[in-house]
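**Q** what's the 3D shape of this:
(one chain, ligands or ions: 1)
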Amino acid sequence: MDMDAKYADLRRAAEETAVVDAHAHDLVAAGSTLPFIGCFSEADGDALALAPHSLPFKRSLRDIAALYDCDPSLEKVEEFRRAQGLSSITSKCFQAANISALVVDDVSTLDKTLELESHKAFAPKVYRVVGIETLAETIINEESVVGSSWTLDSFTEAFVAKLKSVANKIVGLKSMAAHRSGLEIDPSVSKVDAEDGLRKELATRRPLRITNKNLFDYIFIHSLEIAVEFHLPMQIHTGFGDRELGLRHCTPFHLRAVLEDKRFVKCQIVLLNASYPFSREGSYLASVYSQVYLDFGFAFPKLSVQGITSSLKELLERAPIKKVKYLSSEWLFLEKLNT
Ligand SMILES: [Zn+2]
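**A** Numbers count the residues shown, from 1 in each chain. Predicted coordinates for the structure are as follows:
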């Protein structure tokens, strides 16, 4: 039996299954400062200029050009996009990907992002995931004077109240700790240290962009408590990203203290990005901690075909197969998606 015939059923199932894109960022309007080439790579500056010479770029470009039925060059694809307009090309891509629902986070700082509601033109169902660091910064930045009157107690009260007020309208929380202070989250961070962190942050410029690890850890732990209370999954960026993150602080192994904490044995933690290049570490964690799930959706467009294969193999080396998901968490969200 040749390979095509052997995997025909699998291929058909993969092509016919509608996906829930549970790791989506807002679409951006035409004219956004986000360069199209930036969708292919996390690099910037001179490094981004070399992205077209990478295998993931060449494959993605070839696939998009085939979908658009145009020449496989960046110029021709961009020309097609401009001529067709945002609405037309978005519908085309969403239909080809067979996306039935979108779970969009609010952590994007991209230029000209669309409102959540307008995504409904492309996916039948659209849901929101709240970025906990973004929420914390929004609350603090609403008081615009440097050195404002926030205390840790008043901030915590405002943060928890806001999160609880939206908890029934969202389908998950998301942490970008990897991009700021790393994943070595201390679940026992003291109030004194967190307060000190808040004081230092308030003394800096506005709008505030939190980087203090103690304050981050404190925010994360309070958020995870709320996630448990409201049965919301917590998505955590792990592994690769842009230059902002220190990759060695982004292996999911660093989450051990959180996973071992008795308060969080019932939480649901979704490790995003296949934890690449730490896919094996993610797989191990998913095999020994019931709380850990693996999502590889966002990682694979950024890898070569061989990279996709080896990363998926690593994810499956130990983890229960049902905890390894493509653009997923769909079943974590299922209860809410059906209401
Ligand atoms: Zn993300």
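**Q** can we go C-alpha only for contacts and neighbour counts from here?
**A** Noted.
**Q** for stretch 27-46, how far is the first residue from the last?
**A** Terminal residues of stretch 27-46 are spaced 25 Å apart (Cα to Cα, to the nearest Å).
**Q** Just the residues contacting that stretch, thanks.
**A** With contact meaning Cα atoms under 8 Å, 6 or more residues apart in numbering, stretch 27-46 is reached by 48, 51, 56-57, 60, 78, 85-86, 110-114, 119, 241-243, 301-302.
**Q** Which parts of the protein are strands?
**A** With DSSP state E as the criterion, the chain has strands at 19-24, 99-105, 125-131, 172-175, 234-237, 269-272, 292-295, 324-325.
**Q** Dump these to JSON lines, plus mean neighbour count.
**A** Listed next are the strands of the chain as JSON lines, based on neighbours: other Cα atoms under 10 Å:
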{"stretch": "strand 19-24", "mean neighbour count": "23"}
{"stretch": "strand 99-105", "mean neighbour count": "22"}
{"stretch": "strand 125-131", "mean neighbour count": "21"}
{"stretch": "strand 172-175", "mean neighbour count": "26"}
{"stretch": "strand 234-237", "mean neighbour count": "24"}
{"stretch": "strand 269-272", "mean neighbour count": "27"}
{"stretch": "strand 292-295", "mean neighbour count": "27"}
{"stretch": "strand 324-325", "mean neighbour count": "22"}
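**Q** so can I have a markdown table of these showing mean pLDDT and distance to residue 203?
**A** Shown next, in a markdown table, are the strands of the chain (pLDDT from 0 to 100; distance: least, Cα to Cα, whole Å):
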| stretch | mean pLDDT | distance to residue 203 |
| --- | --- | --- |
| strand 19-24 | 86 | 34 |
| strand 99-105 | 89 | 29 |
| strand 125-131 | 93 | 23 |
| strand 172-175 | 95 | 24 |
| strand 234-237 | 94 | 28 |
| strand 269-272 | 94 | 33 |
| strand 292-295 | 93 | 37 |
| strand 324-325 | 85 | 42 |
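**Q** picking that back up, so which of the contacts of stretch 27-46 sit within helices?
**A** Using DSSP state H to define helices, the subset of those located there is 48, 56, 57, 60, 78, 86.
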